[in-house]
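# what shape does this take:
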Amino acid sequence: LFDLRRQVVVVASDVFGTKPLWMAIARGGPCGGVRPCFGASSYQLPLLRLGFQEEDCTQAPPNTVLTLDYHSLRVLSQRPVFEFDMRQYK
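Numbering: from 1, shown residues only. Presented below is the predicted three-dimensional model:
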C-alpha cells in the first residue's frame, strides 16, 4: 500500500506465514535511476525476473506490518499484526 499523503509504503505478511512476503529494495537497481527501487511478491523469483539481485531480496517475518519511508525506503516501523496470548487458562 502506497500512502502518498503520509509518504509511506506499508506492507504486511500473513499471520501464520503460509503465504510468504518477499520484498526487494535496490539502490538504483532495476529502476535505473538514483532513487531506490521497491518490489514485493509472494515468491522471490518474480523479483529476480524484474531485475533485482538475490542479495536485494528479503522475506518478511510472519505476522508483521512494515512501514517504509516512501523516498528512502528505510524501515520506519515493524510491528506484529496480532498479539497472541499463548497462556492457557483452566
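
# averaged pLDDT, stretch 21-30. What do you get?
Computed over stretch 21-30, the mean pLDDT rounds to 83.

# then stretch 36-45?
Stretch 36-45 shows a mean pLDDT of 91.

# hmm, who's touching that stretch?
Outside stretch 36-45, the residues that touch it by C-beta atoms under 8 Å, 6 or more residues apart in numbering are 9, 11, 19-31, 46-47, 50, 52, 54, 57, 59, 68, 72-73. The C-beta positions use only the backbone N, C-alpha and C, and glycine is treated the same way.

# then stretch 48-66?
With contacts defined as C-beta under 8 Å, 6+ apart, stretch 48-66 is touched by 10-17, 20-26, 29-30, 37, 39, 44, 47, 75, 77-82.

# do stretch 11-27 as well
Contacts for stretch 11-27 (C-beta under 8 Å, 6+ apart): 1, 36-44, 47, 50, 52-53, 56-66, 68, 73, 81-82.

# emit the ChimeraX select command for whichever of those residues are buried.
Buried residues among those (16 or more other C-beta atoms under 10 Å), as a ChimeraX selection:
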select :36,37,38,39,41,44,47,52,56,57,60,62,63,64,66,68,73
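
# in helices, which of the contacts of stretch 11-27 fall?
Q44, L47 (DSSP state H).

# what about the contacts of stretch 11-27, which are in strands?
36-41, 57-59, 64-66, 68 (DSSP state E).

# tell me how far the residue nearest the centre of the chain lies from L4.
Nearest to the mean C-alpha position of the chain, by C-alpha atoms, centre = their mean, lies M23 at 4.5 Å. Using C-beta to C-beta, to the nearest Å, M23 is found at 19 Å from L4.

# then Y89?
Using C-beta to C-beta, Y89 is found at 45 Å from L4.

# what of R27?
Distance from R27 to L4, by C-beta to C-beta: 22 Å.

# and those two? Which one has more around it.
Taking other C-beta atoms under 10 Å, R27 and L4 do not tie; R27 has more neighbours (13 against 8).
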